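> after the sequence you'll find the predicted model.
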Amino acid sequence: MAWYDEAVFYHIYPLGLTGAPKENSYGEPEHRLNTLIPWISHIKEIGCNAIYIGPLFESVGHGYETTDYKKLDSRLGTNEDLKNYVSKCHEQGIRVILDGVFNHTGRDFFAFQDIKKNRENSPYKDWYCNVNFWGNNEYNDGFSYENWGGYNLLVKLNQHNPAVRDYICDVVRFWVSEFDIDGIRLDAADVLDFEYMKALRHVANEVKPDFWLMGEVIHGDYTRWVNEGTLHSVTNYNLHKALYSGHNDHNYFEIAHTVKRLYEMGGSRPDGLKLYNFTDNHDVERIYTRLNNKTHFAPVHILLYTLPGVPSIYYGSEFGIEGKKERFSDDSLRPALSLADYTDAVTKNPYTMLIAALGNIRQRTPALSYGDYNELLLTNRQYAFSRNYNGQSVITTVNNDDSDYVMTLRAGNAAEYIGALSGQKVSVSGGNIVVNIKANSGDIWLPLTDDTQKTVSPVKMDKPCEPAPAPVKPADASAGQPESKNDAAVSASQPESKTSAAASASQTESKTDAAASGQTESKNAEPAPHADSQDFENGKIAGLQEAILAIMSKNGPVTDQMRRDVEANVYHDSLIAWIKSFR
């Protein structure tokens with residue numbers, strides 16, 4: 001057992017939360033990170049015991065075009081500020097993981113600047129992929145290179161180069177020795193070289209007991225990344241999509257089938273896959289905005305906290321704030337917030353009350369971290385399952401219908417159960433419990449003991465409150481380059497060449513646009529394993545979807561849900577990456 005097995009994460013995009021300017025002037029440090037110290041107590045109060053924060057290191061814009069891996073972004077402060085922040089978190093029993101942007105760097109990174117200066121004579125000319133001194137680009141560098149996602153602002157590192165691996169591994173060691181962090185989230189892990197990730201895992205095992213590596217992965221067989229040799233966990237975009245669409249469509253079959261597929265992918269073991277579960281993040285719309293019926297906020301989060309995996313809350317969503325995805329801006333997804341505007345939210349805001357209650361229940365109920373998964377009841381509008389551990393059976397029930405629903409469910413060995421959210425007590429009769437689940441609500445049923453009575457956190461979920469006021473960024477954040485990776489690249493030059501990826505209109509979507517539908521774009525330097533030529537890379541959307549279904553059919557029956565998943569993905573690069581994930 002490791003700390004991350006019982007983790008409840010709070011996700012922070014610091015440049016947004018602190019209202020930092022979008023463009024870095026590389027001037028004197030502004031100690032904005034210190035404004036997040038009061039948030040630590042709030043994070044603990046709502047039941048989170050781990051923070052994923054990033055990107056944090058010096059960059060020119062949104063944070064994912066790194067300038068210096070060993071220096072806190074000057075818009076946020078100094079290295080001493082970050083060291084102090086992590087220390088304050090640890091004092092309150094909260095672990096900290098940072099964003100590791102190790103697939104690409106920014107153009108201001110020292111190695112790239114040396115190539116610009118010394119060209120063929122640069123000792124760093126092999127640090128990046130496909131540097132071609134006979135080419136050129138929109139920056140008029142007099143050479144070309146491979147990038148991330150078709151955007152030359154993000155220069156793709158040559159992960160096969162031992163010098164690059166050694167440098168990045170030393171960065172990880174530096175972050176641990178300097179800041180005492182507890183793990184790293186690998187950006188764009190679905191396009192990282194596997195040997196590169198194995199080297200990072202080796203360092204993770206070396207630097208600190210239970211050091212956690214989590215990767216950003218969208219489609220594919222998650223077990224390729226989550227195993228003893230590479231990563232401990234990856235982002236669970238499959239469940240993310242199912243959670244909101246399963247409620248919007250009144251289709252719990254989508255959620256249950258997704259859970260079953262992932263559980264089987266992990267060998268049908270509670271310790272098989274510990275995926276990073278979330279309802280929203282810095283790349284996708286807020287869950288409150290996504291839900292057609294706002295009362296579904298409750299059953300969505302009950303599932304988030306009780307299904308297999310590691311739950312995460314994105315900053316501000318515990319208040320029920322809005323955040324709509326815009327075509328050329330992620331501003332509303334990454335707003336500046338003042339904690340003073342949410343005073344007493346845990347006692348006055350129904351959404352925050354629910355999240356705090358769920359955090360308390362999760363931390364006091366080992367079965368939700370270590371228990372197996374057994375489906376008990378499933379209809380379009382009702383869903384129930386149990387998590388069993390050390391002889392304790394915990395039952396989750398949710399209802400997305402506008403009417404109450406009575407469930408008769410197989411129970412464990414206890415004589416009586418108590419609803420952790422309702423406080424209602426029910427007796428076991430004939431091995432079953434009979435429970436009434438309120439409309440658009442749910443509950444977590446615990447065997448009644450002295451300990452579980454302490455876990456009960458009654459919360460009213462009968463109707464939604466009004467969403468929190470839309471946060472407004474400070475004036476100094478209104479200028480500069482856009483925040484998403486590709487948006488920043490677009491602003492860097494007009495117009496920008498997007499290599500072959502821009503040839504199709506379907507590829508003009510950004511990584512974050514794709515993620516909003518549970519997909520992402522990715523670029524891989526390796527040739528497609530099922531292609532004989534570049535023609536495959538240039539395939540049309542329908543053709544790529546047919547290819548994926550054909551490959552799936554060779555591995556077993558293609559279900560209606562699998563077919564819908566493929567048809568829902570209309571992003572060219574994501575489809576290419578999906579195909580390449582098959583073995």
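Good, I have the coordinates. Keep in mind that what you see is a predicted model, and the values were worked out from it rather than measured.
> now the helices for the stretch 351-500 of the chain?
Using DSSP state H, counting those that start in this stretch, the helices of the stretch 351-500 of the chain run over 367-370, 450-455, 485-492.
> report how many residues lie close to Lys70.
Residues lying near Lys70 (other CB atoms under 10 Å) number 12. Backbone N, C-alpha and C define where each C-beta goes, glycine included.
> pretty sure Ala367 contacts Gly391?
No. Ala367 is beyond contact range of Gly391, at 9.6 Å (criterion: CB atoms under 8 Å).
> and these two? which has more neighbours close in?
Legend: neighbour count by other CB under 10 Å for Ala367 and Gly391, higher for Ala367 (22 against 10).
> which residues touch the closest residue to the more buried one other than its chain neighbours?
Distances taken as CB to CB, 6 or more residues apart in numbering place Tyr389 nearest to Ala367, at 4.0 Å, with adjacent residues excluded. Residues counted as contacts of Tyr389 (CB atoms under 8 Å, 6 or more residues apart in numbering) are 270, 366-367, 370-372.
> may I have the beta-bridge partners of Tyr389?
Counting by DSSP bridges, Tyr389 is bridged to Gln392.
> pLDDT below threshold where in the stretch 351-500 of the chain?
By pLDDT under 70, the weakly predicted segments of the stretch 351-500 of the chain are 461-500.
> flag every buried residue along stretch 280-298.
280-291, 294-298 (16 or more other CB atoms under 10 Å).
> which ones among those residues are found in strands?
Among those, no member is found in strands (DSSP state E).
> so which of those residues belong to helices?
Mapping those onto helices (DSSP state H) picks out 287-290, 297-298.
> the residues you listed: which two are farthest apart?
Spatially, the most separated pair among those is Thr289 and Ala298, at 16.2 Å (CB to CB).
> would Lys22 count as being in a helix?
No. Lys22 sits outside any helix when classified using DSSP: H, G, I helix; E, B strand; the rest coil, being coil.
> assess the claim that it and Gly63 are in contact.
No. In this structure Lys22 lies outside contact range of Gly63 using CB under 8 Å: 10.1 Å.
> can you report phi and psi for Phe253?
Main-chain dihedrals, Phe253, degrees, to the nearest 10: phi -60, psi -40.
> that one contacts Glu375, doesn't it?
No. Using CB under 8 Å as the test, Phe253 is too far from Glu375 to be in contact (10.9 Å).
> who does the residue sitting nearest the centre point of the chain bridge with?
Centroid-nearest residue in the chain, with CA atoms, centre = their mean: Thr235, separated by 4.8 Å. Counting by DSSP bridges, Thr235 is bridged to Tyr276.
> next: His104.
Lys156.
> any idea how far Ala2 is from Asp443?
29 Å (CB to CB, to the nearest Å).
> Asp166 too?
52 Å.
> ok, now Gly423?
From Gly423 to Asp443 the distance is 10 Å (CB to CB).
> between those two, who's got more neighbours?
Asp443 (28 against 13).
> what segments of the stretch 201-350 of the chain are helices?
Going by DSSP H, counting those that start in this stretch, the stretch 201-350 of the chain shows helices at 237-248, 252-265, 287-290, 297-306, 345-348, 350-364.
> where does pLDDT dip in this structure?
Within the chain, the ranges that satisfy pLDDT under 70 run 461-539, 554-557, 560-562, 565, 570-574, 577, 580-583.
> one step back: neighbour count for Phe253 and Glu375, which is higher?
The neighbour comparison of Phe253 against Glu375 (other CB under 10 Å) goes to Phe253, with 17 against 14.
> ok, Asn390 touching Pro366?
Yes. Between Asn390 and Pro366 there is a contact under CB under 8 Å: 7.1 Å.
> any idea which element Ile43 lies in?
helix 37-45 (DSSP states H and E).
> CA atoms of the helix or strand following that helix as CSV?
Using DSSP H and E, the next helix or strand after helix 37-45 towards the C-terminus is strand 50-53. This file holds the C-alpha atoms of strand 50-53, laid out as CSV (Å, rounded to 0.1, in the frame of the first residue of the first chain):
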residue,chain,number,x,y,z
ALA,A,50,-2.8,15.4,-2.4
ILE,A,51,-2.3,18.3,-4.8
TYR,A,52,-1.4,18.1,-8.5
ILE,A,53,-0.1,21.6,-9.4
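> relative to strand 50-53, what are the paired strands and their orientations?
Strand 50-53 is paired, per DSSP bridges, with strand 9-12 (parallel), strand 95-100 (parallel).
> redo those as JSON lines? Include mean neighbour count and distance to Ile313.
Shown next, in JSON lines, are the strands paired with strand 50-53 (neighbours: other CB atoms under 10 Å; distance: least, CB to CB, whole Å):
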{"stretch": "strand 9-12", "mean neighbour count": "24", "distance to Ile313": "6"}
{"stretch": "strand 95-100", "mean neighbour count": "23", "distance to Ile313": "15"}
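> I'd like the ones you listed as CSV, with distance to Glu178 appended.
As requested, the strands paired with strand 50-53 are exported to CSV (distance: least, CB to CB, whole Å):
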stretch, distance to Glu178
strand 9-12, 19
strand 95-100, 11
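> between these, which one is closest to Arg32.
Evaluated over these, closeness to Arg32 peaks at strand 9-12, with 12.1 Å, by CB to CB.
> so who does the residue nearest to the centre of the chain touch?
Counting by CB under 8 Å, 6+ apart, Thr235 makes contact with 214-218, 275-276, 278, 281.
> buried set for stretch 97-111?
For stretch 97-111, the neighbour count (16+ other CB under 10 Å) marks 97-109, 111 as buried.
> which neighbours do Phe253 and Glu375 share?
Counting by CB under 8 Å, 6+ apart, nothing touches both Phe253 and Glu375.
> what's near enough to touch the residue nearest to Ala188 when sequence neighbours are not counted?
Spatial nearest neighbour of Ala188, excluding adjacent residues (CB to CB, 6+ apart): Asn103 at 4.3 Å. Counting by CB under 8 Å, 6+ apart, Asn103 touches 148, 156-157, 159, 187-188, 191-192.
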